[in-house]
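In: A predicted structure for the sequence below; I have some questions about it.
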Amino acid sequence: MNTPPENLATDTPHRLDPSGGCPHAANARLLAGGAVSSVVLPGGVTGMAVLGHDALREFLAHPDVAKDARHFAALRDGEIPDGWPLKTFATVQGMTTADGPDHRRLRSLMSRAFTARRVEELRPRVEELIMSLLDDLEREAVAHDGVADLRRHFALPLPMSVICELLGVDAEHHDRLHDLSNRIVATDIGPAEAMAANREMVEVLGAVAAARAENPRDDLISALIAAREADGDRLGPHELIGTLMLTVIAGHETTLNLITNAVRALCTHRDQLALVRAGTASWADVVEETLRWDSPVSYFPFRYPIRDLTLDGTLIPKGTPVLAGYSAAGRDTKAHGPDAGRFDVTRHGKARHLSLGHGAHFCLGAPLARMEGAAALRHLFTRFPALTLAVPDTELPRHASFVGNSVRELPVRVHG
């Protein structure tokens, strides 16, 4: 008797919407069909997504899965054009596209800036920034009939200021770098704009690095340059710029979306906010439940099997570009129970999630993101206990990307 073949995920593949949108309804439909799904990426590029919690956990730590784009078959074979909106995710040189010894080398250079001890040393500065930004938020609300865009005036400048101060990027570059980051993670832009954003980001960061080489300071860029000069093979020039690009993007976009999504969740679940105020749950619990329930990243590119790989009964062919489906895994009922779609800050230790990664590529900035998120929420709702959304959550404009998962604006009434 013949053994039935593995599932090749041959059903009509899911065409990811380049304009983004709320991912949860589509995620639920895909998960109903299995933990692994075929997808169509922008430009008609075929790929796959791992959606189920357990399957994603296995995939992220699998020894036969690589991050280096030389394993991306279609790219290697010249089938991916310049200006493809996701090409930077594949080709930028840095920690997120390195494997084995190269990954360990690059990660070790960055890790000292993100230890738990270093994060605690940053706490006073983070708290100082938060208090200043809350003043700015109130001034903005007073000037606009009680309404202010919390994303623009609070959730964005906090992590951008922290990561740029840590790196050594002067304030004059912050707005430009955020705009470029937005365009690089967008999945709905054309080839010319994608290439221009990538080129300008390299130029800006190259100028910053040159300034730090000329005038070293007590910051991470200066330390990285010193490491390169002390031992020439430690960090090449392309790796330096790639590492800075990835750190700027990941170091503020994820926390920006985390704070935004947490505020939205608390404003639309006042009972959960009341539990935190009563001491039944902590602000750290809010952060973890937001990471699970509404992950700041929906589908993160890319990983590539270095051999044909069967995951949860589905074959992922060698060289396939695979997305990590964090927002889907966070609401997987097989892992989180039948109430996975409910925002519940009392899950405590049960709120396990993969939204900050797993395995060798676990997010280096996780302690910083968690600290910033919890501190921001605590001070925000202490200062403005009646804060509420000025627009229904369902009407908020969504992020124009299936990579990032959030809204573009968050108008709030700070005094209810």
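Out: Perfect, I can see it now.

In: Low-confidence ranges, the stretch 101-250 of the chain, go.
Out: 228-235 (pLDDT under 70).

In: all helices for it, in order.
Out: 116-143, 150, 157-167, 174-185, 191-214, 220-230, 237-268 (DSSP state H, counting those that start in this stretch).

In: Could I get the ones you listed in TSV, plus columns for distance to residue 333 and mean neighbour count?
Out: All C-beta atoms are positioned from the backbone trio N, CA, C, and that covers glycine. TSV is the format used below for the helices of the stretch 101-250 of the chain (distance: least, Cβ to Cβ, whole Å; neighbours: other Cβ atoms under 10 Å):
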stretch	distance to residue 333	mean neighbour count
helix 116-143	33	15
helix 150	31	28
helix 157-167	31	22
helix 174-185	29	19
helix 191-214	36	16
helix 220-230	41	18
helix 237-268	19	23
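
In: Please tabulate those in JSON lines, including the columns distance to residue 66.
Out: What follows is these, written out as JSON lines (distance: least, Cβ to Cβ, whole Å):
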{"stretch": "helix 116-143", "distance to residue 66": "29"}
{"stretch": "helix 150", "distance to residue 66": "39"}
{"stretch": "helix 157-167", "distance to residue 66": "27"}
{"stretch": "helix 174-185", "distance to residue 66": "22"}
{"stretch": "helix 191-214", "distance to residue 66": "22"}
{"stretch": "helix 220-230", "distance to residue 66": "24"}
{"stretch": "helix 237-268", "distance to residue 66": "17"}
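
In: Out of those helices, which gets nearest to residue 62?
Out: Closest to residue 62 of these is helix 237-268 (Cβ to Cβ; 21.8 Å).

In: quick one, the helix or strand just after the closest one and helix 237-268 angle?
Out: Counting by DSSP states H and E, the next helix or strand C-terminal to helix 237-268 is helix 270-277. With axes from the mean of the first three to the mean of the last three Cα atoms, to 10 degrees applied, the angle from helix 270-277 to helix 237-268 works out at 110 degrees.

In: Contacts for helix 270-277 next, please.
Out: Residues outside helix 270-277 that contact it (Cβ atoms under 8 Å, 6 or more residues apart in numbering) are 265-267, 281-283, 285-286, 343-346, 381.

In: Quick one, which of the helices of the stretch 101-250 of the chain gets closest to residue 87.
Out: The nearest among these, by Cβ to Cβ, is helix 191-214 at 7.4 Å.

In: Run the chain-centre distance for the closest one.
Out: Offset of helix 191-214 from its chain centre (Cα atoms, centre = their mean, to the nearest Å): 21 Å.

In: Can you name every helix or strand that it contacts?
Out: For helix 191-214, the packing partners by 3 or more Cβ pairs under 8 Å, 6 or more residues apart in numbering; DSSP states H and E come out as helix 87-91, helix 174-185, helix 220-230, helix 237-268.

In: neighbour-wise, which of the contacts of helix 270-277 leads?
Out: Within these, residue 345 tops the neighbour count with 27 neighbours, counted by other Cβ atoms under 10 Å.

In: So that one versus residue 87, what's the distance?
Out: Counting by Cβ to Cβ, to the nearest Å, the gap from residue 345 to residue 87 is 39 Å.

In: what does residue 320 give?
Out: Applying Cβ to Cβ, the value for residue 320 to residue 87 is 16 Å.

In: ditto for residue 112
Out: Relative to residue 87, and taking Cβ to Cβ, residue 112 is found at 31 Å.

In: The residue nearest the centre of the chain and residue 139, how far apart?
Out: For the chain, residue 254 is the residue whose C-alpha lies nearest the centre (Cα atoms, centre = their mean; 3.9 Å). Separation of residue 254 from residue 139 (Cβ to Cβ): 27 Å.

In: quick one on the thing from earlier: compare residue 112 and residue 87 (neighbour count), which wins?
Out: Shown here are residue 112 and residue 87; by other Cβ under 10 Å, residue 87 has more neighbours (21 against 11).

In: Specify the local secondary structure of residue 70.
Out: helix (DSSP: H, G, I helix; E, B strand; the rest coil).

In: quick one: pLDDT of it?
Out: Residue 70 is assigned 95 on the pLDDT scale.

In: For it, give me its contacts.
Out: Residue 70 neighbours (Cβ under 8 Å, 6+ apart): residue 76.

In: what's the spacing between it and residue 359?
Out: Taken as Cβ to Cβ, the span from residue 70 to residue 359 is 20 Å.

In: and residue 303, bridged to which residues?
Out: Residue 303 has these beta-bridge partners by DSSP bridges: residue 322.

In: my read: it touches residue 66, true?
Out: Yes. The pair residue 303 / residue 66 is scored as a contact, 6.9 Å apart, by Cβ atoms under 8 Å.

In: From start to finish, how long is stretch 108-118 in a straight line?
Out: With Cα to Cα, to the nearest Å as the measure, stretch 108-118 spans 15 Å from end to end.

In: What of stretch 294-313?
Out: Span of stretch 294-313 from end to end, Cα to Cα: 27 Å.

In: could you pull out the strands for the stretch 251-400 of the chain?
Out: 299-305, 309-311, 314-316, 322-325, 388-389 (DSSP state E, counting those that start in this stretch).

In: Now do the fourth one: which elements does it pack against?
Out: Think strand 322-325. The contact analysis (3+ Cβ pairs under 8 Å, 6+ apart) places strand 322-325 against strand 45-50, helix 53-60, strand 299-305.

In: Please work out the average pLDDT along it.
Out: Averaged across strand 322-325, pLDDT comes to 98.

In: Let me see the residues that make contact with it.
Out: Residues contacting strand 322-325 (Cβ under 8 Å, 6+ apart): 27, 30, 39, 47-51, 56, 59-60, 65, 298-305, 316, 354, 357.

In: what's the answer for the longest one, then?
Out: Contact with strand 299-305 is made by 16, 23, 47, 49, 59-60, 62, 64-69, 71-73, 86, 89-90, 316-327, 402-403, as judged by Cβ under 8 Å, 6+ apart.

In: switch to 6 Å and redo it
Out: Outside strand 299-305, the residues that touch it by Cβ atoms under 6 Å, 6 or more residues apart in numbering are 64-67, 71-72, 86, 89-90, 316, 318-319, 321-325, 402.

In: Show me just the buried residues among those residues.
Out: 65-67, 71-72, 86, 89-90, 316, 319, 321-325, 402 (16 or more other Cβ atoms under 10 Å).

In: Residue 181 and residue 247 touch, don't they?
Out: No. If you go by Cβ atoms under 6 Å, residue 181 and residue 247 don't touch, sitting 10.8 Å apart.
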